[in-house]
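>>> Sequence and predicted structure below; questions after.
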Amino acid sequence: MKIVTTKDELKLAIKQKEKSILIKSKLANAIRKELKAWLLSSASVAVIMLAIMTLIGWSSEAGHTFSIVIHITATLILLIGLPYAFIWKRNLCSYLIR
């Protein structure tokens, strides 16, 4: 296990393809802040969608239409969002290494 505290050490550990890297200090805090921001935005979108579903109600015609829109949106998120998340993760690592 490699313990890193700076961007240079992290960069070196990634280049050496260490199997296990433990990130400490300010670098860990920066990564934590990025992940918290991403999780908060994802959770807020989910809460907004649930609030809209509750207000409209499923029995009405608008509720059925909104249900279809949610299913289409979820499918698009899976098809587009997952590859984008992997790219974002890679970009986050390269941003932190700079």
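Good, I have the coordinates.

>>> most centrally placed residue in the chain?
Centroid-nearest residue in the chain: W38, 4.9 Å away (criterion: C-alpha atoms, centre = their mean).

>>> quick one: low-confidence parts of this structure?
56-59, 85-86, 88-98 (pLDDT under 70).

>>> what's the residue nearest to the centre of the chain in contact with, if anything?
The contact partners of W38, by C-beta atoms under 8 Å, 6 or more residues apart in numbering, come to none. C-beta here means a position set from N, CA and C on the backbone, and glycine is covered the same way.

>>> Angles on the backbone of it, please.
phi -70, psi -40 (degrees, to the nearest 10).

>>> quick one, helices of the protein?
Here the chain has its helices, by DSSP state H, at 7-15, 26-56, 61-76, 82-97.

>>> any chance of the ones you listed in JSON lines, with distance to M1 too?
JSON lines is the format used below for the helices of the chain (distance: least, C-beta to C-beta, whole Å):
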{"stretch": "helix 7-15", "distance to M1": "10"}
{"stretch": "helix 26-56", "distance to M1": "15"}
{"stretch": "helix 61-76", "distance to M1": "38"}
{"stretch": "helix 82-97", "distance to M1": "18"}
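
>>> Please work out which of the ones you listed is packed deepest.
Sort these by mean neighbour count, taking mean count of other C-beta atoms under 10 Å, and helix 7-15 sits at the top with a mean of 15.

>>> Report all helices and strands that that one contacts.
Using 3 or more C-beta pairs under 8 Å, 6 or more residues apart in numbering; DSSP states H and E as the contact definition, the elements that helix 7-15 packs against are strand 2-4, strand 21-23, helix 82-97.

>>> at 7 Å what do you get?
Packing contacts for helix 7-15, counted by 3 or more C-beta pairs under 7 Å, 6 or more residues apart in numbering; DSSP states H and E, involve strand 2-4, helix 82-97.
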